[in-house]
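Chemist: Have a look; sequence and predicted model below, questions after that.
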Amino acid sequence: SWSKDFTPAMSQKKWQDGIKAKVCAMDSDEFDLFLAGVVMAASRAQMMGVSLTEKIEYFRALRA
């Protein structure tokens, strides 16, 4: 549902700032559901181990 907010023409900085704003706006329950979605998408893409951990830590760092 965020696709309308993030276009291919956006700079990397603007994209990162936009993701950070959305993640920080989530309450704890929403963030937990978001991370569950990240894990499920990673599973479908057969991403696991260090790669998945890096993704999760990235999103957690945005909320810090």
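Modeler: Now that the structure is in, tell me what you want to look at. No experiment lies behind these values; they were computed from the predicted model shown. Residues are numbered from 1 along each chain as shown.
Chemist: residues touching residue 51, list them.
Modeler: residue 42 (C-beta atoms under 8 Å, 6 or more residues apart in numbering). C-beta coordinates here come from the backbone N, C-alpha and C atoms, glycine included.
Chemist: i'd like the first residue to be 75 from this point on
Modeler: Got it, the first residue is 75 from now on, which makes the last one we talked about residue 125.
Chemist: helix or strand for it, which one?
Modeler: Using DSSP states H and E, residue 125 maps to helix 124-137.
Chemist: Next: residue 81.
Modeler: In this structure, residue 81 sits in neither a helix nor a strand according to DSSP H and E.
Chemist: ok, residue 114 to residue 92 distance?
Modeler: According to C-beta to C-beta, to the nearest Å, residue 114 stands 22 Å off from residue 92.
Chemist: I'd like to know the phi and psi angles of residue 121, please.
Modeler: Main-chain dihedrals, residue 121, degrees, to the nearest 10: phi -100, psi 130.
Chemist: Same question for residue 84.
Modeler: Per-residue torsions, residue 84: phi -70, psi 150 (degrees, to the nearest 10).
Chemist: The closest residue to it other than its chain neighbours: neighbour count?
Modeler: Leaving aside its sequence neighbours, residue 84 sits nearest to residue 92 (C-beta to C-beta, 6 or more residues apart in numbering; 7.5 Å). A count of nearby residues for residue 92, using other C-beta atoms under 10 Å, gives 14.
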